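*Asks:* model this:
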Amino acid sequence: NQRNYGGGLYALNSVLLITNCLFRNNYMNSGEWMYHGSAWGAGAAILGGRCAIGNCDFYQNNSFGRGLQGGYGGGLYLQGTAGHTVDKCRFIQNYASGYTGRGGALYAAGSGVGTFSGCTIVSNVSLYYGGGVHMAGGYLRNSLVCYNAVGANTDCSGGGIRLEGGVVENCTIAQNTSTYNSGGLSMTAGAVTNTIVYYNTRLDDAAHANVSQTGGTIDYSCTTPVIGGTSNVTDDPQFNGRLTGDFTIQPGSACINAGINADWMTGANDLGGNINRIINATVDIGCYENNPAIGPLTCNFVAAPREG
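*Replies:* Numbers count the residues shown, from 1 in each chain. The predicted structure follows:
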């Protein structure tokens, strides 16, 4: 390791293939000799080059910053312009600590940093921005961001995601918490499409519990209250079991066939492994595609009772 980068792995301007690895209980300290110091990527810090990371677990890593600084990316810190890929990885119980800790699971830096797809980002914590993810660039697709938290600092925001650039597509952001400001998504720039942002919590009051937006665009997404943008819906997404971690959607959900198709979806899977990301011609909102052709027969409806 080099100084404040990469408790488990540090790569500088490298071309790497990393698969089926476990990054666990790594600790990145900004240094006993630094009163104000940051730490980058307790699990792994990858700067420059081009790396492909697949089917890896980042579990209980801690980036610890000192003084008025913080840790960046408790699980993974990724920087670059050549397009890294992170596919089907799991980020669980990672921590970006320190006064300005950002990205409990993941910190993505740079407009061309890469694509994160099919990831599960659960129960991570930061103290300033992005309990789950802090993005300044790149693409986050087909991913679940839930049960993450941001807190302690009165300026903290984005219990699930802090978006300062980049694109969030077909993700589900739910059951995240912030002590202050937005519990789900905090965005100053970038674009959000086909994404559910629902059932997030702001502890100091109910305002902006799901979304706090000062810039960027949100379209074809599901959240409440009403926000500006194209073809957004406010209806309950009707998760099958949000309190037990099942964020698939029920038949009759307003999120079914309510998104907008994109080229990358052709032949792509959703987070649940459905062969087609698009079923019935139009993509669903969220990380899971409702597939009526599999499983038991189900229905979901509301009807007024009648007697006689």
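
*Asks:* spit out the contact partners of Pro225.
*Replies:* Thr234 (Cβ atoms under 8 Å, 6 or more residues apart in numbering). Placement of C-beta: from N, CA and C, glycine included.

*Asks:* equivalent analysis for Ile285, please.
*Replies:* Asn170, Asn194, Thr195, Ile196, Tyr220, Ser221, Cys222, Val233, Pro237, Cys255, Ala258, Gly259.

*Asks:* what about 7 Å?
*Replies:* Counting by Cβ atoms under 7 Å, 6 or more residues apart in numbering, Ile285 touches Asn194, Thr195, Ile196, Tyr220, Ser221, Cys222, Cys255, Ala258, Gly259.

*Asks:* make a PyMOL selection of the buried ones in the residues you listed.
*Replies:* Buried residues among these (16 or more other Cβ atoms under 10 Å), as a PyMOL selection:
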select buried, resi 194+195+196+220+221+222+255+258+259
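
*Asks:* from the contacts of Ile285, pick the one nearest Gly71.
*Replies:* Set against Gly71, the nearest of the contacts of Ile285 by Cβ to Cβ is Thr195 (26.2 Å).

*Asks:* so how far is Ala39 from that closest one?
*Replies:* With distances taken as Cβ to Cβ, to the nearest Å, Thr195 is found 30 Å from Ala39.

*Asks:* which residues in the stretch 151-300 of the chain form strands?
*Replies:* In the stretch 151-300 of the chain, the segments counted as strands under DSSP state E, counting those that start in this stretch are 161-163, 167-169, 172-174, 177-178, 185-187, 191-193, 196-198, 201-202, 211-213, 217-219, 222-223, 239-241, 246-249.

*Asks:* and of these, who's closest to Ser126?
*Replies:* Of those, nearest to Ser126 by Cβ to Cβ is strand 161-163, at 8.5 Å.

*Asks:* now the phi/psi pair for the residue lying closest to Gly75 once chain neighbours are set aside, please.
*Replies:* In this structure, Gly75 finds its nearest non-sequential neighbour in Phe58, 3.4 Å apart by Cβ to Cβ, 6 or more residues apart in numbering. Per-residue torsions, Phe58: phi -110, psi 110 (degrees, to the nearest 10).

*Asks:* how close does Phe58 sit to Thr100?
*Replies:* From Phe58 to Thr100 the distance is 21 Å (Cβ to Cβ).

*Asks:* which one of those two is surrounded by more residues?
*Replies:* Taking neighbours as other Cβ atoms under 10 Å, Phe58 and Thr100 compare with Phe58 leading, 32 against 21.

*Asks:* given the lowest-mean-pLDDT helix or strand in the chain, what are its sheet partners and their directions?
*Replies:* None of the helices or strands of the chain scores lower by mean pLDDT, DSSP states H and E than strand 27-29, at a mean of 80. Note on strand 27-29: by DSSP bridges, its sheet partners are strand 62-64 (parallel).

*Asks:* contacts for the strand it pairs with, please.
*Replies:* 27-30, 39-42, 71-74, 95-98.

*Asks:* which one of the residues you listed is nearest to Ala189?
*Replies:* Nearest member of those to Ala189, counting by Cβ to Cβ, is Tyr72, at 18.2 Å.

*Asks:* where does the prediction get shaky in the stretch 1-150 of the chain?
*Replies:* Within the stretch 1-150 of the chain, the segments meeting pLDDT under 70 span 1-3, 30-37, 66-68.

*Asks:* the same query, at a cut-off of 90, please.
*Replies:* Residues of the stretch 1-150 of the chain meeting the criterion pLDDT under 90: 1-7, 27-40, 63-71, 81-83, 97-101, 110-112, 127-128.

*Asks:* what's the burial count for the residue lying closest to Ser178 once chain neighbours are set aside?
*Replies:* Nearest non-adjacent residue to Ser178, counting by Cβ to Cβ, 6+ apart: Gly159, 4.0 Å away. Using other Cβ under 10 Å, Gly159 is surrounded by 37 other residues.

*Asks:* and Gly159, what does it touch?
*Replies:* Counting by Cβ under 7 Å, 6+ apart, Gly159 has contacts Gly131, Asn148, Ala149, Val150, Asn176, Thr177, Ser178, Gly183, Gly184, Asn200.

*Asks:* and the fifth one, what does it touch?
*Replies:* Residues touching Asn176, when contacts are defined by Cβ under 7 Å, 6+ apart, comprise Gly131, Gly132, Val145, Cys146, Tyr147, Asn148, Ala149, Gly159, Gly160, Gly183, Gly184, Asn200.

*Asks:* now swap in the third one and tell me
*Replies:* For Ala149, the residues meeting the contact criterion (Cβ under 7 Å, 6+ apart) are Val125, Gly131, Gly159, Asn176, Thr177.
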